[in-house]
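> no sequence for this one, just the structure:
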Ligand code: AMP
Ligand code: ZN
């Protein structure tokens, strides 16, 4: 069954043909880590995780290499460091860890590679040098810039002409740009900027521009031409356009064969964004909703269309998942079934049609109920296998029906186990203050520890 994907560059759905089926490559622009990400930021995470799952299923788990970067150097990170007095490393490590935990809570598999920008400054500088050598880059008082008019076909992805790019922009005298559309490859350090935000270069001390980060990291980890490049639709211009300009001018070959962009997550018809102040944090939602409910709600719309985020959406997702888990419970003890249904895979293979895939999942739940009503053991076993196989592709049904119905999830239980173990260690170290603190923390979560000669057990109270 061929996979068809909508390619933003050619503006058409095309059959997906990887360059090498034993090494399928996908790069997705990742977070800038200086604060907690909002639920809109997790739309690309969930959408491209679903594609990652489909590709792994199709080409083999080891055959798909998915890189999602961490942008850990940027003006907003420097500002956060200056404001809080914390080091850049402390800030970025903290928010990257929160991001990873949030992504895991919505069942996003860890990407194969998570490259951090500050660990690739050498590669970025080599790329800027190559661009300079070929006549695409020039230095000014403010930094090193990419000269857009040098690239004859700049603007193919966003279908903007050079005039479009120049209109509204102006030649910034301070930056010394030759053309309004030119963009920074390297920014010289300004007075008073922290040392941990500054690197040496042959042009002067400073830091990389945002776009060159992705160009350099994608090439290093996935190759000069990658199969799929993804991100939110707001990244199409200027970020992805500039990635193409840098990579194709430096390497002389196509950067990506398929460009994929998710639509916006909206609140009351407006893009969810920090600047509009209408953000909902995934971290907060997880207090009230299971991660699978959030994932289901996110996948209920097609990834290219805008999705309006409402409480109703979550309520409906929860009710549907309750019904599906209820059906799964009825066939749970049936063993030995082999998954045969291809409905979910077919829907996902058609440009990730998740609304149809979720409808197929409900249909499979209906089949499970039917088999259970008829006491058809073979049918029950097959329905169970079909549901779990479909769930694996969608990142859903990762719990047992009992876990789902108790509400306690295995991640939380593992967390509690870890805290109980940490308390046992603290007591062994005679660190009574820490032991008491952990006991209080658990008590606040409704967990009681029962000490015994051989260790400790816990229960919910
Ligand atoms: P940012 O931190 O703004 O660079 O965004 C990180 C990722 O989230 C990018 O791929 C953005 O395109 C995407 N993104 C940001 N806001 C939204 C939104 N409201 N809906 C969908 N995707 C978004
Ligand atoms: Zn990028």
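On my side now, so go ahead. Since this is a predicted model, take the numbers as computed values, not measurements. Numbers count the residues shown, from 1 in each chain. Ligands and ions are numbered 1, 2, ... in the order given.
> any low-confidence regions in the protein?
By pLDDT under 70, the low-scoring segments of the chain are 168-173, 408-411, 452-454, 457, 459-461.
> wait, isn't residue 139 in contact with residue 203?
Yes - counting by C-beta atoms under 8 Å, residue 203 is a contact partner of residue 139 at 4.9 Å. Bear in mind the C-beta positions are built from the backbone N, C-alpha and C, glycine included.
> need the residues of the stretch 1-150 of the chain near ligand 2, please.
Applying C-beta under 5 Å from the ion, we find that the stretch 1-150 of the chain lies next to ligand 2 at residue 29.
> Residue 79: neighbouring residues, count only.
By other C-beta atoms under 10 Å, the residues close to residue 79 number 11.
> wait, what's in contact with it?
Residue 79 makes contact with residue 34, according to C-beta atoms under 8 Å, 6 or more residues apart in numbering.
> Any chance of the backbone angles for it?
Main-chain dihedrals, residue 79, degrees, to the nearest 10: phi -60, psi -40.
> How about residue 374?
phi -80, psi 0.
> what's around it, how many residues?
10.
> What of residue 326?
15.
> same question, residue 415
Neighbours of residue 415 under the rule other C-beta under 10 Å: 12.
> any idea how far whatever residue of the chain ends up closest to ligand 1 lies from residue 300?
Using C-beta to the nearest ligand atom, residue 232 is the residue of the chain that sits closest to ligand 1, at 1.7 Å. Going from residue 232 to residue 300 by C-beta to C-beta, to the nearest Å gives 18 Å.
> Those two - which one has more neighbours?
When residue 232 and residue 300 are compared for neighbours, residue 232 comes out ahead with 20 against 17, by other C-beta under 10 Å.
> Identify the residues contacting that one.
Contacts of residue 232 by C-beta under 8 Å, 6+ apart are 29, 40, 43-44, 261-262, 264.
> what subset of those is also close to ligand 1?
When these are checked against ligand 1 using C-beta under 6 Å from any ligand atom, the ones in range are 29, 40, 43-44, 262, 264.
> And the residues you listed, which of them are buried?
29, 40, 43-44, 262, 264 (16 or more other C-beta atoms under 10 Å).
> Please dump those residues into CSV; it should also carry distance to residue 193 for every row.
Formatted as CSV, these follow (distance: C-beta to C-beta, whole Å):
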residue, distance to residue 193
29, 24
40, 30
43, 33
44, 30
262, 34
264, 33
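> now for those, which pair is the farthest apart?
Using C-beta to C-beta, these reach their maximum pairwise distance at 29 and 264, which is 15.2 Å.
> Against residue 260, how distant is residue 364?
Distance from residue 364 to residue 260, by C-beta to C-beta: 27 Å.
> What number of residues are in the vicinity of residue 359?
Residues near residue 359, counting by other C-beta under 10 Å: 15.
> Now name the helix or strand holding the nearest residue to it once chain neighbours are set aside.
Take residue 359 and drop its neighbours on the chain: the residue closest to it by C-beta to C-beta, 6 or more residues apart in numbering is residue 347, 8.0 Å away. Using DSSP states H and E, residue 347 maps to helix 343-349.
> Residues in contact with that helix: which ones?
1-4, 50, 54, 57, 353-354, 356-357, 359-361, 363-364, 389-390, 393-394.
> Please check those and keep the buried ones.
Taking 16+ other C-beta under 10 Å as the criterion, what is buried in those is 3-4, 50, 54, 57, 353-354, 356-357, 360-361, 364, 389-390, 393-394.
> which two in those residues are spaced the farthest apart?
With C-beta to C-beta as the measure, no two of the buried ones among the contacts of helix 343-349 lie farther apart than 4 and 364, at 22.8 Å.
> Give me the nearest residue to residue 96, chain neighbours excluded.
residue 33 (4.6 Å).
> again with residue 108
residue 49 (4.1 Å).
> residues in contact with that neighbour?
103, 107-109, 395.
> For it, identify the helix or strand it belongs to.
Element membership for residue 49 (DSSP H and E) is helix 42-59.
> just checking, what packs against whatever helix or strand comes next after that helix?
Next in sequence after helix 42-59, counting helices and strands by DSSP H and E, comes strand 64-68. Using 3 or more C-beta pairs under 8 Å, 6 or more residues apart in numbering; DSSP states H and E as the contact test, the elements touching strand 64-68 are strand 24-28, helix 42-59, helix 210-222.
> Could you export those as JSON lines, including distance to residue 447?
Shown next, in JSON lines, are the helices and strands packed on strand 64-68 (distance: least, C-beta to C-beta, whole Å):
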{"stretch": "strand 24-28", "distance to residue 447": "37"}
{"stretch": "helix 42-59", "distance to residue 447": "28"}
{"stretch": "helix 210-222", "distance to residue 447": "41"}
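> Select, out of those, the one closest to residue 281.
So among the helices and strands packed on strand 64-68, helix 42-59 is nearest, using C-beta to C-beta, at 9.8 Å.
> and the helix holding residue 49, how far out from the chain's middle?
Computed by C-alpha atoms, centre = their mean, to the nearest Å, the chain-centroid distance of helix 42-59 equals 10 Å.
> Identify the residue of the stretch 201-350 of the chain closest to ligand 2, quick one.
Of all residues in the stretch 201-350 of the chain, residue 214 sits closest to ligand 2, at 3.1 Å by C-beta to the ion.
> In contact with the residue lying closest to that residue once chain neighbours are set aside: list those residues for me.
Residue nearest to residue 214 in three dimensions, not counting chain neighbours: residue 243, with 5.2 Å by C-beta to C-beta, 6+ apart. For residue 243, the contacting residues are 211, 214-215, 218, 229, 255, by C-beta under 8 Å, 6+ apart.
> out of the residues you listed, what pair is the most spread apart?
211 and 229 (12.7 Å).
> Comparing these two, which residue is more hemmed in?
A count of neighbours by other C-beta under 10 Å puts residue 229 above the other of residue 211 and residue 229, at 28 against 24.
> my read is the more buried one is in a helix, agree?
No - if the criterion is DSSP: H, G, I helix; E, B strand; the rest coil, then residue 229 is strand and not within a helix.
> My guess is it contacts residue 261. True?
No - assessed by C-beta under 8 Å, residue 229 is found out of contact with residue 261, at 9.5 Å.
> which residue ranges form the helices in the stretch 1-150 of the chain?
Using DSSP state H, counting those that start in this stretch, the helices of the stretch 1-150 of the chain run over 42-59, 75-84, 88-105, 121-133.
> Could you identify which of the ones you listed is most buried?
Highest mean neighbour count of the helices of the stretch 1-150 of the chain: helix 42-59, a mean of 22 (counted as mean count of other C-beta atoms under 10 Å).
> Could you say which helix or strand holds the residue lying closest to residue 148 once chain neighbours are set aside?
Spatial nearest neighbour of residue 148, chain neighbours left out: residue 181 (4.0 Å); criterion: C-beta to C-beta, 6+ apart. For residue 181, there is no helix or strand it lies in under DSSP H and E.
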